[in-house]
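Quick one, what's the 3D model for this:
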Amino acid sequence: MSNIKKLFRQEYLAFKPPLESEMNCVRPLDSAIRNIGYVQRITERERIDIWKERNFPETRDEYIKILDDYLTLCENNNVRPIMFLPPFTVGYKKHFNKKMLNEFYYLIHEAQKKHSSAIFLDGWQISFPDTDFWDTDHLNIQGAAKFSTILNNLIEELERMKN
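Numbers count the residues shown, from 1 in each chain. Modelled structure (predicted):
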């Protein structure tokens, strides 16, 4: 924890976004609690199709550089980074662009080859029932608690291995 704290300046830790920014990105509690429903199932394919053909090579290259810089920063400060891909519904995974997903896995694999201390937790390989989602690609509170437990268990296991 002391190494993590060194990475962040007090100004960063004390930063609070304006309330109106928070309101635009925080979902109402009732939507975070609900389960995926009929309407979300109908619109699932539409949401997937929107992302299916999107390709942003300039942004991708920038993000690869940011990830590399971040992993290097962690290594230089003896912090073991954990990257993760959260779970998604079975329908979302079934219809998602496989080429884009394979490219993502390739880029993560390349990052791990270069930064051997980095861990990747693949939530796509963990099956969550639809009752753990509030829409096709976002966990509800119940699902988030389950995934947080999995992530916490991984962190605890890494701690045991270290000691």
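
What's the mean pLDDT across the longest helix seen in the chain?
Secondary structure of the chain per DSSP state H: the longest helix is helix 141-162. Helix 141-162 shows a mean pLDDT of 91 in the predicted model.

Just the residues contacting it, thanks.
By C-beta atoms under 8 Å, 6 or more residues apart in numbering, the surrounding residues in contact with helix 141-162 are 32-33, 80, 82, 84, 86-87, 119, 121, 123, 126, 128, 131-133, 139. C-beta coordinates here come from the backbone N, C-alpha and C atoms, glycine included.

Same question for stretch 54-62.
Stretch 54-62 has contacts (C-beta under 8 Å, 6+ apart) with Met100, Leu107.

what's the weakest-modelled helix or strand in this structure?
Within the chain, no helix or strand scores below helix 19-25, which has a mean of 43 by mean pLDDT, DSSP states H and E.

on that earlier part again, report the buried members of the contacts of helix 141-162.
Buried members of the contacts of helix 141-162, scored by 16 or more other C-beta atoms under 10 Å, are Ala32, Pro86, Pro87, Leu121, Gly123, Phe128, Asp132, Phe133, Leu139.

Tabulate the residues you listed (TSV), appending secondary structure and distance to Glu110.
Below are the buried ones among the contacts of helix 141-162 laid out as TSV (DSSP: H, G, I helix; E, B strand; the rest coil; distance: C-beta to C-beta, whole Å):
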residue	secondary structure	distance to Glu110
Ala32	helix	35
Pro86	coil	21
Pro87	coil	23
Leu121	strand	17
Gly123	helix	20
Phe128	coil	28
Asp132	helix	31
Phe133	strand	30
Leu139	strand	28
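
Same list (those residues) but as a markdown table, adding distance to Phe96.
Conversion of the buried ones among the contacts of helix 141-162 to a markdown table gives the following (distance: C-beta to C-beta, whole Å):
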| residue | distance to Phe96 |
| --- | --- |
| Ala32 | 23 |
| Pro86 | 13 |
| Pro87 | 13 |
| Leu121 | 18 |
| Gly123 | 13 |
| Phe128 | 15 |
| Asp132 | 18 |
| Phe133 | 15 |
| Leu139 | 16 |
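
Pick out the most distant pair among those.
The most widely separated members of the buried ones among the contacts of helix 141-162, counting by C-beta to C-beta, are Ala32 and Leu121 (21.9 Å).

burial measure for Asp137, as a count.
Number of residues near Asp137 (other C-beta atoms under 10 Å) recorded here: 20.

okay but it is in contact with Tyr92, surely?
Yes - the criterion here is C-beta atoms under 8 Å, and Asp137 meets it with Tyr92 at 5.3 Å.
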